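1. Structure for this input, please:
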Amino acid sequence: MKQAAHRAAAQRPLRVLFVDSQAELCGTSFALLAMLKYLDRAEIEPIYASATPDGGEMPAEVEKLGIPTLHVAAGRFRQVVRTSLAVAEFVHLIRSQDVDLVFANTGHTLLFVRPAAMATR
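-> From the prediction side, this is the model:
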């Protein structure tokens, strides 16, 4: 089963989930926007997920680039229940979107998406 999935993935662009936790447009967000804008879409199929409590400005900017935009309200890592729910949501998102690679734009988002990505291996 996994070999068939790998063969199918090799015939399409790499599906990458870009996760950001900045609500406002700032340095890391501008860098991510530039990266998303100039990606070779023949090689990489981007999906964006906001890990902010309310979404913020960034998702609208990403949508202008024609990139699917999703939201997982991750919140603060020390909120154990919220963190567990966010990790579970990211696991579901990675599986449902058939993601090949997860890109965490900040250390904060890495706290949530790393365990989710590892759980989907």
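
2. Every contact and neighbour count from this point should use C-alpha atoms.
-> Fine.

3. Pull out the buried positions in the one helix or strand residue 112 maps to.
-> Element membership for residue 112, per DSSP states H and E: helix 107-119. When burial is assessed from 16 or more other CA atoms under 10 Å, helix 107-119 yields the following buried residues: 108-114, 116-117.

4. now for that helix, which elements pack on it?
-> Counting contacts by 3 or more CA pairs under 8 Å, 6 or more residues apart in numbering; DSSP states H and E, the secondary-structure elements packed against helix 107-119 are strand 14-20, helix 80-96, strand 101-104.

5. Make a markdown table out of those and add mean neighbour count.
-> Below are the helices and strands packed on helix 107-119 laid out as a markdown table (neighbours: other CA atoms under 10 Å):
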| stretch | mean neighbour count |
| --- | --- |
| strand 14-20 | 22 |
| helix 80-96 | 17 |
| strand 101-104 | 17 |
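
6. out of these, which comes closest to residue 51?
-> Between residue 51 and the helices and strands packed on helix 107-119, the shortest gap by CA to CA is with strand 14-20, which sits at 5.9 Å.

7. Show me what the closest one is packed up against.
-> Packing partners of strand 14-20 (3+ CA pairs under 8 Å, 6+ apart): strand 44-50, strand 101-104, helix 107-119.

8. Considering these, which stretch scores lowest in mean pLDDT?
-> Out of the helices and strands packed on strand 14-20, the stretch the model trusts least by mean pLDDT is helix 107-119, with a mean of 88.

9. now the angle between strand 14-20 and it, please.
-> Orientation note: helix 107-119 sits at an angle of 140 degrees relative to strand 14-20 (axes from the mean of the first three to the mean of the last three CA atoms, to 10 degrees).

10. Alpha carbons of helix 107-119, in PDB - could you do that?
-> In PDB, the C-alpha atoms belonging to helix 107-119 read as follows (Å, rounded to 0.1, in the frame of the first residue of the first chain):
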ATOM      1  CA  GLY A 107       9.700  27.700  16.500                       C
ATOM      2  CA  HIS A 108       6.200  28.100  18.000                       C
ATOM      3  CA  THR A 109       4.500  26.300  15.200                       C
ATOM      4  CA  LEU A 110       7.200  23.500  15.300                       C
ATOM      5  CA  LEU A 111       5.900  22.600  18.800                       C
ATOM      6  CA  PHE A 112       2.600  21.700  17.300                       C
ATOM      7  CA  VAL A 113       3.300  20.300  13.900                       C
ATOM      8  CA  ARG A 114       6.400  18.200  14.700                       C
ATOM      9  CA  PRO A 115       4.500  15.700  16.900                       C
ATOM     10  CA  ALA A 116       1.700  15.700  14.300                       C
ATOM     11  CA  ALA A 117       4.000  15.100  11.400                       C
ATOM     12  CA  MET A 118       5.800  12.300  13.400                       C
ATOM     13  CA  ALA A 119       2.400  10.700  14.100                       C
END
